[in-house]
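Visitor: can't give you the sequence, but here's the structure:
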């Protein structure tokens with residue numbers, strides 16, 4: 001009789017009966033909770049990962065926002081031009097047009113420039129005179145190169161230096177060749193009086209390079225016409241006492257006179 005009953009069961013009934021066993025019912029009840037726990041863990045791990053990633057990526061931007069943008073300010077120029085006024089210096093018996101300009105250093109030093117003629121003229125000269133300690137002096141070559149560059153010129157050659165006697169005392173001089181579109185033969189010179197913080201440098205040019213006597217007389221023609229600096233006045237008073245007859249009025253005129261080139 002039981003066999004007949006069992007024989008009437010179909011496969012679905014057998015499967016239901018097997019699934020109703022205690023061990024199967026326990027597995028069926030635990031499996032959904034396991035999936036829920038697993039999925040929750042994965043979700044939490046993913047959220048934590050994305051949160052950390054967002055925090056790391058967001059920190060540089062926050063730092064960039066926190067740091068103020070630095071203002072780019074150009075440094076103040078060392079030299080500033082001074083308004084036109086009466087010249088402090090002059091050149092005795094200087095022929096032709098002579099221009100002057102002045103500028104002041106941030107440390108208080110003053111520089112006056114005297115320019116006689118133009119580059120390429122038969123007699124062209126430039127003289128820069130400084131009162132006060134403005135910049136650290138370089139070598140003779142460096143100082144002349146800087147001065148030439150400021151005038152839009154280049155130093156093609158600077159020869160061996162030597163000392164020449166002037167009313168200010170020994171002055172360093174050297175043969176100089178300036179160049180732009182053409183070249184011109186010159187004599188460069190430089191003088192420094194550390195006790196009075198007075199210095200000058202420049203060049204004297206011509207159709208041919210001036211000789212030592214011409215350079216010395218050109219420098220001796222420098223006079224003080226303005227300024228109230230006592231130490232500067234003392235320098236020129238002492239210089240006038242040291243003047244020699246070699247650079248009298250006729251010699252000073254010859255040193256700056258414009259001489260046309262000889263006809264072929």
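Guide: Right, received. Where do you want to start? Keep in mind the model is a prediction, meaning the values are calculated, not measured.
Visitor: what's the local residue count around residue 219?
Guide: 26 (other Cβ atoms under 10 Å). C-betas here are computed from N, CA, C, even on glycine.
Visitor: show me what counts as buried in whichever strand or helix holds it.
Guide: Counting by DSSP states H and E, the element that carries residue 219 is helix 212-220. Within helix 212-220, the residues that qualify as buried by neighbour count (16 or more other Cβ atoms under 10 Å) are 214-220.
Visitor: what packs against the helix or strand just after it?
Guide: Using DSSP H and E, the helix or strand that follows helix 212-220 in sequence is strand 222-224. Helices and strands touching strand 222-224, by 3 or more Cβ pairs under 8 Å, 6 or more residues apart in numbering; DSSP states H and E, are strand 89-91, helix 230-241.
Visitor: please work out which of those is packed deepest.
Guide: strand 89-91 (a mean of 18; mean count of other Cβ atoms under 10 Å).
Visitor: so for that one, what's the average pLDDT?
Guide: Averaging pLDDT along strand 89-91 yields 90.
Visitor: quick one: strands adjacent to it?
Guide: strand 222-224 (antiparallel) (DSSP bridges).
Visitor: tell me the angle of the helix holding residue 219 relative to helix 230-241?
Guide: 140 degrees (axes from the mean of the first three to the mean of the last three Cα atoms, to 10 degrees).
Visitor: helix 212-220 packs against which elements?
Guide: Under the contact criterion of 3+ Cβ pairs under 8 Å, 6+ apart, helix 212-220 touches strand 162-166, strand 169-179, strand 183-193, strand 198-206, helix 249-256.
Visitor: ends of stretch 188-206, what's the gap?
Guide: End-to-end distance of stretch 188-206 (Cα to Cα, to the nearest Å): 12 Å.
Visitor: quick check: domain ranges of this structure?
Guide: Taking automatic domain parsing as the criterion, the chain consists of the domains 11-66, 79-256.
Visitor: what pairs with residue 80 across the strands?
Guide: Assigned bridge partners for residue 80, using DSSP bridges, are residue 104.
Visitor: neighbours of it, just the number please.
Guide: 10.
Visitor: surely it touches residue 103?
Guide: Yes: using Cβ atoms under 8 Å, residue 80 makes contact with residue 103 at a distance of 6.3 Å.
Visitor: please report phi then psi for the closest residue to residue 117 other than its chain neighbours.
Guide: In this structure, residue 117 finds its nearest non-sequential neighbour in residue 124, 4.4 Å apart by Cβ to Cβ, 6 or more residues apart in numbering. The phi and psi values for residue 124, taken as degrees, to the nearest 10, are phi -130, psi 130.
Visitor: I'd say residue 124 and residue 205 touch.
Guide: Yes: at 4.4 Å, residue 124 counts as touching residue 205 under the criterion of Cβ under 8 Å.
Visitor: give me the common contacts of the two.
Guide: Here residue 124 and residue 205 have 184, 186 as joint contacts, going by Cβ atoms under 8 Å, 6 or more residues apart in numbering.
Visitor: which SS state does residue 83 fall under?
Guide: Under DSSP: H, G, I helix; E, B strand; the rest coil, the three-state class of residue 83 is coil.
Visitor: what's it in contact with, if anything?
Guide: Contacts of residue 83 (Cβ under 8 Å, 6+ apart): none.
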